[in-house]
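Colleague: Below is the structure, and that's it, no one-letter string:
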C-alpha cells in the first residue's frame, strides 16, 4: 500500500485540554504536530495522559477544549471524515471474544463502509501477514495473548488508515512475536502510513521511532527527534563482567567506578570519552574483562530523568 | 464512497452480526419463549380457559389471550435482545469498534433496533404457530396486525437500547424487565379486557403503553379492542418518536459510551 506524501501534517493537536467529571485534569493544553510518514513515539509514565490523548483523537473521549486535526480534518467538526483516516490499536482488548477473527476483521471493515467482498480480501491479507490465518475461523477467545494483540493490529488495518495509532501494542507479548510485530509495523510505515506508538518498552521506541514526545502530568515535557533527544544524554554507564573486581577501585579523571560484586564493575563516563583508556587501566590493574554492556537503554535513562526533573520543578525540565 | 452508501454497508454489517448472534445462540434466544408461551397456552388457555368460556365478542378465552401473549413475546424478546446485545458490547468494549468508526449514530441505533425487531418477529411467529396448535384464528385486519407488531417491537427495542446505554452492570439490564416490563405487560390487558375493571383501575390502565400495543394487535387479529385504534397508533407513534430522539441524543452526547 503506497500512499502519496502530502504536505498536510498527519496530526495537529492544538491546545487540547481534558478535565474529567471527577476534576482530574488529564491534559493541560497539549500541542503537537506529527508529519506524514513519521514513526512517532508518544511516551509517558502511567496516568500521564497518553491514553486520554489517544481517546480524544479516536473520538472515544470528548475534549474539554482545543481541537485535533487528522490530515486537516477536525476531530470536533469533521469527526466522520477524520475517523476514516485513523486506525486504532487500543491498549485493552476490545473485540467480541465469541466472534471469529475473520468476522471481527470483516465487520470492522463494514463499519467503515467497505463492501463485504473487499473486506474479506483485506481480512485474508492482513490475517496472513500477521500469521493468524490458520486461526481465522476459531473463536477469538481461544487465541493466545500475542495472537489477540496481532488480531487488533489486523483489525485496525482493515480501513487501510493513513494514520495508525498503537497504544502499547506489544504489552505482554514475547520477544519473538514482538519482533515480528515491529517488522510488520515498520513495513506499513515504510509504505507511507504514519504511525504513532505508545509503549513502555523504550528500546522499542528507540529502535522504531524517528520523533518523540514525552508527556507527563498532562503536559508535553519533551518533543523532538529521537536523535536529538538521545544526544542530550551526555553520560553513559557500562557494566563489565571481570575476573576480579579490585578493592580499592581504579581511579580515572571523569570516570566514576562502582564495584557491584566480586566479578562485576560499573563505570559511568562521558559519552565523548574513548573506551581505550578504560581498557588500558583495566590491563594495568590486571583486570580481565570477559564481557561488557550498557547498563540501561539510553532512552530509558533519559525518560526517567525527564520525568523525575519535571516532578521536582514543575514546568521545568533538564537533562543531564 | 458516499455518506449514504458507507452508512448502508455499516447498517448491513450490524444487522447481519445481530442476526448471526441470534441464530448462534438460538437455544437462548428462540426456544425459551416458545416453551414459556406453550405453558401459558396449556394452563391459562386450555385448563383454566375452558372453564371461563367466551370472554368478549364471542371469542373463547384461548382465542382472546393469543394476541396478547404473542405481543408479550415480541415485546420481551425485542427488549431483551437489544439490551443484552448492546450492553454485552459495552461490557466487552467491542462497542468501541463502532464508536471509533465513521458511521453515524443513527446507523448504530437502526442496526441494533432492526436486529431486535427481527428477533421479536421470529419469536412472535413461533408463538403464533404454537397457538394454532391449540385454537383456530382468522386475521381480521392483516395490515393493522403487521403494523402493530412492528410498532410494539420497535418501541421496546428503543427502550431496551436506552436501558443498555445507562446500564453499568448486568443487574441493571435485568432490573427494568423485572420491575417495570413484566408488571406493565401483565396489567396491559394480555389476559383480560380492561372494561372488566372498575374505576379508577380502568383509567389507570390507560396510561400503560402496553395496553395500546396489545389492543392494536388484538384488533388486527380478532377485530376487537378496548381502545380506539387511532388512539393506539397515535400513542405508539409518539413513543417511537420520543424514544428515538432520546436514544440518538444519548448517543450524540456519548452518555455511558464516551468519557
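Modeller: Structure's in. What do you need? Computed from a predicted structure; not experimentally measured.

Colleague: Nearest to chain A: which residue in the stretch 151-259 of chain B?
Modeller: residue B:259 (4.5 Å; Cβ to the nearest Cβ). Just so you know, the C-beta spots here come from the backbone N, C-alpha and C atoms, and that holds for glycine as well.

Colleague: State the pLDDT value of that residue.
Modeller: Note for residue B:259: predicted pLDDT of 84.

Colleague: what sits against the nearest residue to it once chain neighbours are set aside?
Modeller: Spatially, and ignoring its direct neighbours in sequence, residue B:259 is nearest to residue A:61 (4.5 Å; Cβ to Cβ, 6 or more residues apart in numbering or on different chains). Taking Cβ atoms under 8 Å, 6 or more residues apart in numbering or on different chains as the contact definition, residue A:61 lies against A:18, A:52, A:55, B:258, B:259.

Colleague: Roughly how far does residue A:61 sit from residue A:26?
Modeller: 8 Å (Cβ to Cβ, to the nearest Å).

Colleague: Residue A:16: what secondary structure?
Modeller: strand (DSSP: H, G, I helix; E, B strand; the rest coil).

Colleague: which SS class is the closest residue to it other than its chain neighbours?
Modeller: Using Cβ to Cβ, 6+ apart and skipping the chain neighbours, the partner closest in space to residue A:16 is residue A:66 (3.8 Å). Under three-state DSSP, residue A:66 falls in the strand class.

Colleague: now for the helix or strand encompassing residue A:117, which elements pack on it?
Modeller: Element membership for residue A:117, per DSSP states H and E: helix A:116-129. Counting contacts by 3 or more Cβ pairs under 8 Å, 6 or more residues apart in numbering or on different chains; DSSP states H and E, helix A:116-129 is packed against helix A:101-111, helix A:145-156.

Colleague: Tell me which of those helices sits nearest to chain B.
Modeller: helix A:101-111 (2.8 Å).

Colleague: chain center to the closest one: distance?
Modeller: Offset of helix A:101-111 from its chain centre (Cα atoms, centre = their mean, to the nearest Å): 26 Å.

Colleague: same question, stretch B:208-217
Modeller: With Cα atoms, centre = their mean, you get 11 Å for stretch B:208-217.

Colleague: Identify the residue nearest the geometric centre of chain B.
Modeller: Against the mean C-alpha coordinate of chain B, by Cα atoms, centre = their mean, the closest residue is residue B:75 at 2.1 Å.

Colleague: Quick check, it in contact with residue B:212.
Modeller: No: Residue B:75 is not in contact with residue B:212 according to Cβ atoms under 8 Å; the separation is 11.9 Å.

Colleague: can you pull out the strands in the stretch 101-250 of chain A?
Modeller: A:163-167, A:194-198, A:211-216, A:219-225, A:235-242 (DSSP state E, counting those that start in this stretch).

Colleague: wait, which of those strands is closest to chain B?
Modeller: strand A:163-167 (9.8 Å).

Colleague: Identify the residues contacting the closest one?
Modeller: A:10-11, A:34, A:50-51, A:54, A:57-58, A:70-71, A:85-91, A:153, A:156-157, A:185, A:188, A:193-199.

Colleague: which of the residues you listed are close to chain B?
Modeller: A:58, A:86, A:88, A:90 (Cβ under 8 Å from any Cβ of the partner chain).

Colleague: What subset of these is buried?
Modeller: Among these, those classed as buried by 16 or more other Cβ atoms under 10 Å in any protein chain shown are A:58, A:86, A:88, A:90.

Colleague: for the first one, phi and psi?
Modeller: In terms of degrees, to the nearest 10, the main-chain angles of residue A:58 are phi -100, psi 10.

Colleague: Go ahead and confirm it touches residue A:87.
Modeller: No: counting by Cβ under 8 Å, residue A:87 is not a contact partner of residue A:58; they are 9.4 Å apart.

Colleague: Spell out which parts of the stretch 1-150 of chain A neighbour chain B.
Modeller: Within the stretch 1-150 of chain A, the residues that sit near chain B (Cβ under 8 Å from any Cβ) are A:20, A:52, A:55, A:58-62, A:79-81, A:83-84, A:86, A:88, A:90, A:92-98, A:103, A:107-108, A:110-116.

Colleague: Mind checking which of those land in helices?
Modeller: A:52, A:55, A:79-81, A:83-84, A:103, A:107-108, A:110-111, A:116 (DSSP state H).

Colleague: okay if I get the residues you listed as TSV plus neighbour count and pLDDT?
Modeller: What follows is these, written out as TSV (neighbours: other Cβ atoms under 10 Å in any protein chain shown; pLDDT from 0 to 100):
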residue	neighbour count	pLDDT
A:52	24	94
A:55	24	95
A:79	15	93
A:80	16	92
A:81	16	93
A:83	24	95
A:84	20	95
A:103	21	96
A:107	26	96
A:108	27	96
A:110	26	96
A:111	27	96
A:116	16	95
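
Colleague: Can I get those in CSV including distance to residue B:224?
Modeller: Listed next are those as CSV, based on distance: Cβ to Cβ, whole Å:
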residue, distance to residue B:224
A:52, 60
A:55, 56
A:79, 51
A:80, 49
A:81, 54
A:83, 52
A:84, 54
A:103, 47
A:107, 46
A:108, 50
A:110, 45
A:111, 46
A:116, 47
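
Colleague: for those residues, which one is nearest residue A:247?
Modeller: Proximity of these to residue A:247 was ranked by Cβ to Cβ; the top entry is residue A:52 with 51.3 Å.

Colleague: Skipping adjacent residues, who's closest to the closest one in space?
Modeller: Counting by Cβ to Cβ, 6+ apart, the residue nearest residue A:52 is residue A:26, at 4.0 Å.

Colleague: Just say helix, strand or coil for the one you found.
Modeller: At residue A:26 the chain is in strand, as set by three-state DSSP.

Colleague: again with the one 3 residues further on
Modeller: Going by three-state DSSP, the secondary structure assigned to residue A:29 is strand.

Colleague: rank the strands of the stretch 101-250 of chain A by pLDDT, which is bottom?
Modeller: Across these, strand A:235-242 gives the lowest mean pLDDT, at a mean of 85.

Colleague: so what does it touch, helix or strand wise?
Modeller: Using 3+ Cβ pairs under 8 Å, 6+ apart: strand A:235-242 touches strand A:264-270, helix A:276-284, strand A:289-294.

Colleague: For the chain, give me the ranges with low pLDDT.
Modeller: No chain specified, so I'll use chain A. A:1-6, A:233, A:296-302, A:308-320 (pLDDT under 70).

Colleague: actually it's chain B I care about, not the one you picked
Modeller: Within chain B, the segments meeting pLDDT under 70 span B:1.

Colleague: what about the longest helix along it and chain A, touching?
Modeller: Longest helix in chain B, counting residues (DSSP H): helix B:61-92. Yes: applying Cβ under 8 Å from any Cβ, one finds that helix B:61-92 is in contact with chain A at B:88, B:89, B:92.

Colleague: From these, list the buried ones, please.
Modeller: Burial by neighbour count, 16+ other Cβ under 10 Å: within those this picks out B:88, B:89, B:92.

Colleague: Out of the residues you listed, which comes closest to residue A:217?
Modeller: Using Cβ to Cβ, these come closest to residue A:217 at residue B:92, 31.5 Å.

Colleague: Contacts only, for the residue lying closest to the closest one once chain neighbours are set aside.
Modeller: Distances taken as Cβ to Cβ, 6+ apart place residue A:96 nearest to residue B:92, at 5.8 Å, with adjacent residues excluded. Contact analysis of residue A:96 by Cβ under 8 Å, 6+ apart lists A:104, A:140, B:88, B:89, B:92, B:94.

Colleague: I'm done for today, thanks for sticking with me.
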